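**Q** structure for this input, please:
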Amino acid sequence: MATSIEVLAMLIPEGGYTQSGDTFDGIEFIDCEPITKAQYEAGFAQYDAWKAYRNAAQLAAKEAAQAKLTALGLTVEDLAALGL
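**A** Next up is the predicted model:
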């Protein structure tokens with residue numbers, strides 16, 4: 001189950017809010033577009049799927065980068081040895 005801060009980070013990734021406690025009523029929108037209580041509550045149901053999608057995208061990007069390195073005859077260890 002997602003936490004309130006995880007849901008807020010998903011819904012408002014650029015920040016601009018503060019939160020006191022773990023309820024919608026404790027959110028203060030300072031420098032961002034406010035969300036509704038319905039959006040906040042729906043975010044809990046959406047978070048797991050969003051997180052899985054994000055993790056899959058990051059893994060795909062990593063695998064693509066490793067494939068490019070392999071095509072160049074390099075490994076991740078080679079880059080580490082070069083300080084990259």
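**Q** any idea how far apart the tips of stretch 31-43 sit?
**A** 20 Å (C-alpha to C-alpha, to the nearest Å).
**Q** got the buried residues for it?
**A** For stretch 31-43, a neighbour-count test (16 or more other C-beta atoms under 10 Å) marks 35, 40, 43 as buried. (Glycine included, C-beta is placed from N, CA and C.)
**Q** now that stretch: how far from the chain's centre is it?
**A** Taking C-alpha atoms, centre = their mean, to the nearest Å, one finds stretch 31-43 lying 17 Å from the centre of the chain it belongs to.
**Q** how about a markdown table for the buried residues of stretch 31-43, with distance to residue 54, secondary structure and pLDDT added?
**A** As requested, the buried residues of stretch 31-43 are exported to a markdown table (distance: C-beta to C-beta, whole Å; DSSP: H, G, I helix; E, B strand; the rest coil; pLDDT from 0 to 100):
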| residue | distance to residue 54 | secondary structure | pLDDT |
| --- | --- | --- | --- |
| 35 | 19 | coil | 97 |
| 40 | 19 | helix | 97 |
| 43 | 14 | helix | 97 |
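**Q** please enumerate the helices of the protein.
**A** For the chain, helices defined by DSSP state H occupy the ranges 4-11, 37-71, 76-81.
**Q** what is the last one packed up against?
**A** Other helices and strands packing on helix 76-81, by 3 or more C-beta pairs under 8 Å, 6 or more residues apart in numbering; DSSP states H and E, are helix 37-71.
**Q** what about the closest residue to residue 79 other than its chain neighbours, neighbour count?
**A** For residue 79, ignoring the flanking residues on the chain, the nearest one in space by C-beta to C-beta, 6 or more residues apart in numbering is residue 69 at 7.1 Å. By other C-beta atoms under 10 Å, 15 other residues sit near residue 69.
**Q** try residue 64
**A** Residue 64 has 10 nearby residues by other C-beta under 10 Å.
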